[in-house]
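Novice: fold the following, please.
(one chain, ligands or ions: 1)
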Amino acid sequence: MNRRTFLEWAKVAGLAVGLPSAAEAFGSPQSNSKSKGLAGTTTPHKPASPEMILLKDYRPASIYKIPVTHVDKAKFSIIDMHSHPYAKTDAQIDDWVRNMDEVGVEKTIILTMTTGAEFDKIYKQYSKYPGRFEVWCGFDFAGYNKPGFGPAAIKELERCHQAGARGVGEIHDKGKGLRSGKSNAEGMHPDDPRMDALWEKCGELGMPISLHVADPIWMYQKMDKTNDGLMNAYHWRLDNQPNIVDLSRMVDILERTAARHSNTTFIACHFANLDYDLARLGEVFERNPNLYADISARYAETAPIPRFAAQFYEKHADRLVYGTDMGFDKPMYRVTFRILESLDEHFYEIEQFDYHWALNGLGLSDRILKQVYHDNAATLLAARESRRS
Ligand SMILES: [Zn+2]
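Specialist: Residues are numbered from 1 along each chain as shown. Okay, here's the model as predicted:
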């Protein structure tokens with residue numbers, strides 16, 4: 001779940017998110033209680049001053065008269081390797097497919113994180129469009145801290161595979177231990193020997209694993225004025241979690257896992273959260289040929305460094321796969337296309353990404369776009385057939 005999805009969910013759940021609005025802070029006439037004078041008369045509108053503007057309300061508008069690119073449809077057909085069962089009804093699934101057609105998404109991988117009846121239900125819903133969606137299962141970690149863990153989890157994995165799951169995900173470990181949806185394994189990390197048989201079985205069945213380790217670097221840093229990603233970081237903060245395995249050590253764990261199970265394909269979600277240190281991700285790729293990374297939900301993190309990011313894509317284009325992880329509306333897809341395809345500069349997408357900074361297009365070449373949008377994923381998915389035969 002990304003922050004936007006979280007906010008939508010929070011709204012539905014009736015949770016109060018955030019602080020009073022800018023209007024209230026500025027004492028504008030629209031904010032009822034604060035706008036009244038002592039006698040109940042409306043005070044004149046006070047112009048905002050920089051001292052009163054909160055970062056969360058900051059909505060700068062670019063003043064540059066420079067080219068603006070609208071990419072309605074992706075330049076090449078897309079396989080979206082990172083999405084979730086956002087659509088809950090048949091009508092919503094129909095809408096999603098219409099959106100996919102309009103923006104150029106050929107196929108979407110639905111990472112359900114579930115097993116058992118819950119998986120079966122989602123699988124059935126999406127099987128209405130067999131060529132357009134793949135529905136991947138999760139792991140069942142029940143009894144992970146008792147002797148004898150393993151055979152039952154493998155049996156359920158095999159059952160899901162039999163039922164149609166062609167991959168596994170999204171499996172999370174943000175530093176406290178593995179999680180697959182509601183199934184938790186606190187304290188057990190991907191490189192734990194108790195996980196060996198499951199990873200090996202995935203390799204045997206030709207099921208790639210979408211594995212999310214850690215979270216963006218800002219979430220581990222102090223929530224103060226020096227935090228570059230403060231607005232997002234605060235909502236997903238990890239700096240206040242004691243005994244958490246930090247980002248760097250989680251990447252070590254990811255690498256050890258991939259190295260130990262070289263017959264299994266791992267897709268590290270969100271650039272393995274090394275969007276701030278892509279050079280390190282490049283080294284991890286070079287040591288581990290069975291490791292890919294998806295670029296989902298890290299568009300805003302790579303768009304501030306367009307030249308360095310584009311060089312990274314150039315060098316490791318064969319290991320990166322497109323993903324979204326941000327719902328299924330058309331504007332969302334189009335923002336990702338603008339960032340990958342255009343050379344636009346200094347534009348804002350604060351409502352989409354929540355960072356207060358400006359974005360830039362990476363201007364990727366056709367060769368790289370085709371690989372990342374489609375060909376790498378197609379190769380990876382096709383490799384499953386040869387693995388199983
Ligand atoms: Zn996700």
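Novice: point out the residues in the protein that sit beside the ion.
Specialist: For the chain, the contact set with the ion under Cβ under 5 Å from the ion comprises 170, 325. C-beta: built from backbone N, CA, C; applies to glycine.
Novice: for the ion, what's the nearest residue on the chain?
Specialist: Closest residue of the chain to the ion, Cβ to the ion: residue 325 (4.0 Å).
Novice: what about the strands in this structure?
Specialist: Counting by DSSP state E, residue ranges of the strands within the chain are 78-83, 105-111, 133-136, 168-173, 177-180, 183-186, 209-213, 266-268, 291-294, 320-321.
Novice: tell me the most buried of those?
Specialist: Compared across these, strand 266-268 shows the largest average neighbour count, a mean of 28 (mean count of other Cβ atoms under 10 Å).
Novice: partners of that strand in the sheet?
Specialist: Each strand that pairs with strand 266-268, with its direction, by DSSP bridges: strand 209-213 (parallel), strand 291-294 (parallel).
Novice: could you dump those into TSV and include distance to residue 128 and mean pLDDT?
Specialist: Shown next, in TSV, are the strands paired with strand 266-268 (distance: least, Cβ to Cβ, whole Å; pLDDT from 0 to 100):
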stretch	distance to residue 128	mean pLDDT
strand 209-213	23	98
strand 291-294	25	98
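Novice: redo these as JSON lines? Include distance to residue 123.
Specialist: Listed next are the strands paired with strand 266-268 as JSON lines, based on distance: least, Cβ to Cβ, whole Å:
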{"stretch": "strand 209-213", "distance to residue 123": "16"}
{"stretch": "strand 291-294", "distance to residue 123": "21"}
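Novice: just to revisit the earlier point, count the neighbours of the residue of the chain closest to the ion for me.
Specialist: 25 (other Cβ atoms under 10 Å).
Novice: so where's the stretch 251-389 of the chain uncertain?
Specialist: 386-389 (pLDDT under 70).
Novice: now do the helices in it.
Specialist: With helices called from DSSP state H, counting those that start in this stretch, the stretch 251-389 of the chain shows them at 278-287, 299-302, 306-316, 330-341, 350-353, 366-370, 376-388.
Novice: tilt between the third one and helix 278-287?
Specialist: So the one you mean is helix 306-316. 0 degrees (axes from the mean of the first three to the mean of the last three Cα atoms, to 10 degrees).
Novice: residues of helix 306-316 that come out buried?
Specialist: 306, 309-310, 312-313, 316 (16 or more other Cβ atoms under 10 Å).
Novice: repeat that for stretch 147-166.
Specialist: Buried residues in stretch 147-166 (16+ other Cβ under 10 Å): 149-150, 153-154, 156-157, 159-161, 164-166.
Novice: ok, stretch 262-276 next?
Specialist: So for stretch 262-276, counting by 16+ other Cβ under 10 Å, buried means 264-276.
Novice: the residue of the chain closest to the ion and residue 121: what is the separation?
Specialist: Distance, residue 325 to residue 121, by Cβ to Cβ, to the nearest Å: 21 Å.
Novice: now do the contacts for the spatially most central residue of the chain.
Specialist: For the chain, the residue nearest the mean C-alpha position is residue 297 (3.9 Å; Cα atoms, centre = their mean). Counting by Cβ atoms under 8 Å, 6 or more residues apart in numbering, residue 297 touches 2, 82, 270, 323-326.
Novice: cool, and residue 192?
Specialist: With Cβ under 8 Å, 6+ apart, residue 192 has no contacts at all.
Novice: now it: how far from residue 214?
Specialist: For residue 192, the distance to residue 214 - Cβ to Cβ - is 16 Å.
Novice: what does residue 88 give?
Specialist: 29 Å.
Novice: go on, residue 358?
Specialist: Applying Cβ to Cβ to residue 358 and residue 214 gives a distance of 26 Å.
Novice: quick one: residue 205 and residue 158 touch, right?
Specialist: Yes: between residue 205 and residue 158 there is a contact under Cβ atoms under 8 Å: 7.3 Å.
Novice: can I get stretch 57-71 in CSV? Just the C-alpha atoms.
Specialist: These are the backbone C-alpha positions of stretch 57-71, laid out as CSV (Å, rounded to 0.1, in the frame of the first residue of the first chain):
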residue,chain,number,x,y,z
ASP,A,57,0.2,22.6,2.9
TYR,A,58,3.0,23.8,0.6
ARG,A,59,1.7,23.7,-3.0
PRO,A,60,4.2,25.5,-5.2
ALA,A,61,3.3,26.0,-8.8
SER,A,62,6.0,26.0,-11.4
ILE,A,63,6.4,29.4,-13.1
TYR,A,64,8.7,28.2,-15.9
LYS,A,65,7.5,28.6,-19.5
ILE,A,66,9.0,25.3,-20.7
PRO,A,67,7.7,22.3,-22.6
VAL,A,68,5.0,20.2,-20.9
THR,A,69,4.6,16.7,-22.2
HIS,A,70,1.3,14.8,-21.9
VAL,A,71,1.8,11.1,-22.4
